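Visitor: build me a model:
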Amino acid sequence: MIKASQCRAVLILGASPRISVPIARSLHRHGIPVDIASFQPEEPDIRSRAVRQFHRLPTRRQNPDAFTAALLALARDEQFDLILSAGDPSLRALADLYDELSPLLHVGCPPPRSVARVLNKSLTLETAERCGIRVPFTRTIASVGELDSIAPQLRFPVVVKPEKKGASAFRIFYFNTLPELSSALKSRDWGSVLLQEYCPGVGVGVELLMHKGECVAKFQHRRLREAPATGGVAVVAISEDPDPELVRSSVELLRALEWEGVAMVEFRVERETGISTLMEVNGRFWGSVSLPIMAGVDFPLYYWQLLHGENPLVPDRYTVGLRWRWSPGCLERIQSVMFRNAGTLAPKPSTVTELLRASADVSPFIREALWSWSDPFPFFAETGTALTALLAGVLKAVSRRLMPERVKSYAGSFSRLAPEARPAYARLCLRDALGLGAANGRRPSGNTPQNAKSFLFVCFGNLMRSPMAEVMLRHTLAEHRVDGVIARSAGLHAVPGREAHPWALAVSRELGIPLDRHRAQLLTPELVSSSDLIFAMDFENLAELEARYPTARNKIFLLSRYAEGRQRGREIPDPYFGDIETTRRCYSVLGECIDNLAREIASSSHLEESLPPSP
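Guide: Take a look at the predicted model:
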């Protein structure tokens, strides 16, 4: 054992308990003091006998400058000897601050150029292909507007992942069809994502410690259970003898990436054929890091020794067949089975079967990821949090099942809106539910259709409703020789330059006013200020418009104010989530509204008699 007085403390950046605590315990057992720091609000404060002190840093994504200043001050004040990452966000932070940190202490990652190749999944897969390693079919898109161009190449099922590890809040999603994928990309602000072919098989992790291009230590595990049940992180795993071919491929890939230090290379291996496919590279300590430590391969200690010029004594063999369990993850897996979302891949597993498997996984012969008789608090703290989340999931699922579909739709829109737009949206929905919908579509005051010269139609993406309203108004006024009126359209979340939706194109051609030349444009303050009247299509559009442009509130209205009967003052739903028949019904309502609006525009002119009577 190294005497604590002979070495300075190590700082672990990142507070995921299943990663940070095993690293801390490994080093603490050898007399090395350890602190943990977190800059992510969702991570818990960690209390452990192996942790000397826990530090809470400013949130990096909200205030990067404050985070940088706090981390550098902490490194200087505490005089740490080494900083290690316990997660992709912390690995990204270390790479970004590599030049600033290096003069102060050992940085537990390679130079930024190597880290960038691992954090960017596209670059990792491209490097693997050059090494002759099989990779899944993968494409990167930055927005839903790019989906149409690559749709013919996609192989469903498709897995959606963040393009850059540690830069996004979501992990992975699965989709079986193009409409499901398109709807999700439209409704969620994911940014740049990878669309990847789903690869069946079991997850196999090859863990390596690289030093000067050579493999110093190796370990392999196979996943027995994952959370969520459709595929994700390991929650039950078993140690295996290293597969020579997988180890060879992994070492070759890490050399090509110029990687130094610890890494886990993850594969999917088909049981029937034995074909292995590379999934990703985790360039830091992984979630099941306690498993190799239990089996006799102490990666944290070996890495510390290498960084301090020592030669680690790595055993030739380790315990094979050792089973490992992460109990909070097992609870998350149960929750994913009980309350599975639509659009996942395989048929829903039997809840009873899953509970029976879970009970078998509680066997005392399976080692617990965080349990320690001398340091029990981390296990109880994380398991308690997981149980609370499971209970919350049960209550949420029950409330959703009892909630009408319309209320669910309103709840989804409410959650998407910015906080400042939510009160207006709630008010609109409440008035509509009470039968006061006409008040939501109040008639314009001040600027009226009779004296307005510029009209702006707004919807979500400027792909279906607003462009059709624009061309309908132009067409109707042109038919009756009304000049001097400007009609435009835009989308609150439009992808500039995107063509109209295929259903919109088809129905517009049926109506004789094709949208073939339409290209989406994003709503801007200039468009708002230069328009006399602005018409929204639904409550979400209206609330967001009023919140973004409060000074223009008196000229923002619902287009449905010009509808007839029960539709007046209510929403014109987005047909994007329907089909071509839904689009036809939507355009029928739009046509009615535009006819009535055109009548008002022409009412003060000598051309009024040229318009047909209102139906």
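Visitor: please count neighbours and contacts with C-alpha atoms only from this point.
Guide: Will do.
Visitor: helix or strand next in line after the helix or strand bottoming out on mean pLDDT in the chain, which one?
Guide: Within the chain, no helix or strand scores below helix 437-440, which has a mean of 51 by mean pLDDT, DSSP states H and E. Downstream of helix 437-440, the next assigned helix or strand under DSSP states H and E is strand 454-459.
Visitor: look at Met279 and give its secondary structure.
Guide: Under the three-state scheme (DSSP: H, G, I helix; E, B strand; the rest coil), Met279 adopts strand.
Visitor: next, work out how far apart it and Asp316 are.
Guide: 27 Å (Cα to Cα, to the nearest Å).
Visitor: quick one, which of these two is more surrounded?
Guide: Between Met279 and Asp316, Met279 has the larger neighbour count (other Cα atoms under 10 Å), namely 21 against 9.
Visitor: and that one, what does it touch?
Guide: Val135, Pro136, Val265, Glu266, Phe267, Arg268 (Cα atoms under 8 Å, 6 or more residues apart in numbering).
Visitor: now, the most widely separated pair of those residues?
Guide: Pro136 and Val265 (14.6 Å; Cα to Cα).
Visitor: so these two - more neighbours on which side?
Guide: Val265 (23 against 16).
Visitor: Three-state assignment for the more buried one, please.
Guide: strand.
Visitor: what count of nearby residues applies to the closest residue to it other than its chain neighbours?
Guide: Nearest residue to Val265, sequence neighbours excluded (Cα to Cα, 6 or more residues apart in numbering): Val281, at 4.6 Å. Using other Cα under 10 Å, Val281 has 25 neighbouring residues.
Visitor: can you check Ser327 too?
Guide: Ser327: 22 neighbours (other Cα under 10 Å).
Visitor: surely it touches Glu368?
Guide: Yes - using Cα atoms under 8 Å, Ser327 is in contact with Glu368, at 7.2 Å.
Visitor: which parts of the stretch 301-450 of the chain are helices?
Guide: 327-338, 351-360, 377-402, 405-416, 422-433, 437-440 (DSSP state H, counting those that start in this stretch).
Visitor: so the second one versus helix 327-338, what angle?
Guide: In other words, helix 351-360. Relative orientation of helix 351-360 versus helix 327-338 (axes from the mean of the first three to the mean of the last three Cα atoms, to 10 degrees): 170 degrees.
Visitor: helices or strands up against helix 351-360?
Guide: Judged by 3 or more Cα pairs under 8 Å, 6 or more residues apart in numbering; DSSP states H and E, the packing partners of helix 351-360 are helix 327-338.
Visitor: what sits up against the helix it packs on?
Guide: By Cα under 8 Å, 6+ apart, helix 327-338 touches 226-229, 234-236, 348-351, 354-355, 358, 368-369, 382-383, 386-387, 390, 393.
Visitor: from the contacts of Met279, which one has the minimum pLDDT?
Guide: Checked by pLDDT, the contacts of Met279 have Pro136 as the lowest-scoring entry (89).
Visitor: doesn't that one fall inside a strand?
Guide: No - Pro136: not assigned to a strand; according to three-state DSSP it is coil.
Visitor: so where's the chain shaky on pLDDT?
Guide: Scanning the chain for pLDDT under 70 picks out 1-6, 163-171, 187-189, 339-351, 397-410, 412, 436-448, 604-615.
Visitor: okay, now the domains of it?
Guide: As assigned by automatic domain parsing, the chain contains the domains 4-109, 115-136+199-399, 425-610.
Visitor: next one: the last one to chain centre, how far?
Guide: Read it as domain 425-610. Domain 425-610 sits 32 Å away from the centroid of its parent chain (Cα atoms, centre = their mean, to the nearest Å).
Visitor: hey, C-alpha coordinates of the longest strand along the chain in PDB?
Guide: Counting by DSSP state E, the longest strand found in the chain is strand 214-227. Taking C-alpha atoms only, strand 214-227 is exported to PDB below (Å, rounded to 0.1, in the frame of the first residue of the first chain):
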ATOM      1  CA  GLU A 214       0.600  -1.100 -26.200                       C
ATOM      2  CA  CYS A 215      -2.100  -2.900 -24.300                       C
ATOM      3  CA  VAL A 216      -1.100  -3.000 -20.600                       C
ATOM      4  CA  ALA A 217      -4.300  -4.600 -19.200                       C
ATOM      5  CA  LYS A 218      -7.400  -6.200 -20.800                       C
ATOM      6  CA  PHE A 219     -10.800  -7.500 -19.600                       C
ATOM      7  CA  GLN A 220     -14.000  -8.600 -21.300                       C
ATOM      8  CA  HIS A 221     -17.600  -8.800 -20.100                       C
ATOM      9  CA  ARG A 222     -20.900  -9.800 -21.600                       C
ATOM     10  CA  ARG A 223     -24.200  -8.100 -20.900                       C
ATOM     11  CA  LEU A 224     -27.000 -10.300 -19.500                       C
ATOM     12  CA  ARG A 225     -29.500  -7.500 -18.900                       C
ATOM     13  CA  GLU A 226     -29.700  -3.900 -20.100                       C
ATOM     14  CA  ALA A 227     -31.800  -0.900 -19.200                       C
END
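Visitor: who's in contact with it?
Guide: Around strand 214-227, the neighbours that count as contacts under Cα under 8 Å, 6+ apart are 202-210, 232-243, 251, 292, 297, 299, 314, 329-330, 332-333, 336.
Visitor: of those residues, which belong to strands?
Guide: Per DSSP E, those map to strands at 202-210, 233-240.
Visitor: hmm, back to that, list the strands paired with the longest strand of the chain, with their directions.
Guide: strand 202-211 (antiparallel), strand 233-240 (antiparallel) (DSSP bridges).
Visitor: contacts for stretch 95-115?
Guide: Here stretch 95-115 has contacts from 68, 72, 75-76, 79-85, 91-92, 94, 257-261, 283-284, 307, using Cα under 8 Å, 6+ apart.
Visitor: hmm, 10 Å instead?
Guide: Applying Cα atoms under 10 Å, 6 or more residues apart in numbering, the external contacts of stretch 95-115 come out as 10-12, 68, 71-72, 75-76, 79-85, 90-92, 94, 116, 118, 254, 256-263, 283-284, 303-304, 307-308.
Visitor: my guess is Leu246 meets Gly274, correct?
Guide: No - if you go by Cα atoms under 10 Å, Leu246 and Gly274 don't touch, sitting 11.2 Å apart.
Visitor: the two: who's more crowded?
Guide: Neighbour totals were compared for Leu246 and Gly274, and Leu246 leads with 21 against 10 (other Cα under 10 Å).
Visitor: so how far is Met264 from that one?
Guide: From Leu246 across to Met264, the span is 12 Å (Cα to Cα).
Visitor: spit out the residues that contact the two alike.
Guide: Val204, Gly205, Val206, Gln220.
Visitor: which of those tops the neighbour count?
Guide: Neighbour-wise, those (other Cα under 10 Å) top out at Gly205, 31 neighbours.
Visitor: isn't it right up against Val281?
Guide: Yes - shown here, Gly205 and Val281 form a contact pair, counting by Cα under 10 Å, at 9.4 Å.
Visitor: next, show the common contact partners of the two.
Guide: Ser250, Ala263, Met264, Val265, Glu266, Phe267.
Visitor: can you pick out the most distant pair from the residues you listed?
Guide: Applying Cα to Cα across the shared contacts of Gly205 and Val281, the maximum distance is between Ala263 and Phe267, 13.1 Å.
Visitor: and for the two, which residues touch both?
Guide: Gly205, Val206, Ser250, Val281.
Visitor: TSV for the residues you listed, including distance to Arg548?
Guide: TSV is the format used below for these (distance: Cα to Cα, whole Å):
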residue	distance to Arg548
Gly205	48
Val206	50
Ser250	51
Val281	42
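Visitor: what sits opposite Phe557 in the beta ladder?
Guide: Applying DSSP bridges, one finds that Phe557 bridges with Phe535.
Visitor: what's around it, how many residues?
Guide: If we define neighbours as other Cα under 10 Å, then Phe557 has 26 of them.
Visitor: and the one 5 residues further on, by the same measure?
Guide: Using other Cα under 10 Å, Tyr562 has 24 neighbouring residues.
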